[in-house]
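Asker: here is the input, now give the coordinates:
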Amino acid sequence: GSHVVAVLGEKDPEYKIGCFECMDYCASKYNLESVKNKPNFLFVKGNILSSELVDYVLKSQEIDYVIHFAAQSHVDKSFRNSVEFTQTNVLGTHVLLEACRSTGQIKLFIHVSTDEVYGEAAYDVSVGEDPVVLEPTNPYAASKAAAEFVVKSYAKSYNFP
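Answerer: Model (predicted):
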C-alpha cells in the first residue's frame, strides 16, 4: 500500500493522499519518505478498528476515494494469532466500509485483497482467468476472503461504489 501512496502522491499534487496506518510489525515510515513532507499528504497513525477515528478522518479530511490495503498479512503469524487477523482484516474492513457509507461522500471504494483467497493454484486455470470459488487454506487467507464478502455485501446492499 505504501508504494501506491508514494506513487499517487508524486504523480499529481492535486491528489490529496492520506495514509491511515497502525504502524505494527510490518509497517515502516521509511516507505513514505518520498511523500512525507508534501503538502498533499496526510499520515494518520491509528487503528482501523477505531470507528470514531476512522469516521473523524474521513469527514474532517473530506475523503471521497478510498483504496483499502489494510491487513494483517503474514501467513505464518496468522497461525499463531488468527483472532487478531480476523479482527483487523474482517472487522477492520467492516468498520471502514460503515464509516465510508455513513459519510455519504465516497465516490469509489477499492478493496485490495490477495490471491491466497483462492487457495492452491489449479493447473487448469489460464493466466488472467479468475478462479470462481474462494478456497482459503490458512487463517490469513480466510480473513481476507471474509473481508471480500463484507465488501461485496456493501456493494449489493447499499449500492456502494
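Asker: please identify the buried residues of the one helix or strand Cys100 maps to?
Answerer: Under DSSP states H and E, the secondary-structure element containing Cys100 is helix 92-103. By neighbour count, and taking 16 or more other CB atoms under 10 Å as the criterion, the buried residues in helix 92-103 are Gly92, Thr93, His94, Val95, Leu96, Leu97, Glu98, Ala99, Cys100. C-beta coordinates here come from the backbone N, C-alpha and C atoms, glycine included.
Asker: rebuild those residues as CSV, extending it with pLDDT and distance to Asn47.
Answerer: Conversion of those to CSV gives the following (pLDDT from 0 to 100; distance: CB to CB, whole Å):
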residue, pLDDT, distance to Asn47
Gly92, 94, 8
Thr93, 95, 13
His94, 96, 14
Val95, 96, 9
Leu96, 95, 11
Leu97, 97, 16
Glu98, 97, 15
Ala99, 96, 13
Cys100, 96, 17
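Asker: okay, the residue lying closest to Lys16 once chain neighbours are set aside: pLDDT?
Answerer: With sequence-adjacent residues excluded and distances taken as CB to CB, 6 or more residues apart in numbering, Lys16 is closest to Asn40, at 5.3 Å. According to the per-residue confidence, Asn40 scores 88 in pLDDT.
Asker: how about Cys26?
Answerer: 68.
Asker: what's the answer for Leu49, then?
Answerer: Among the per-residue scores, Leu49 holds a pLDDT of 94.
Asker: one more: Val125?
Answerer: Per-residue confidence for Val125 comes out at a pLDDT of 57.
Asker: and what of the one 10 residues further on?
Answerer: The model reports Glu135 with a pLDDT of 84.
Asker: sweet, I'm off.
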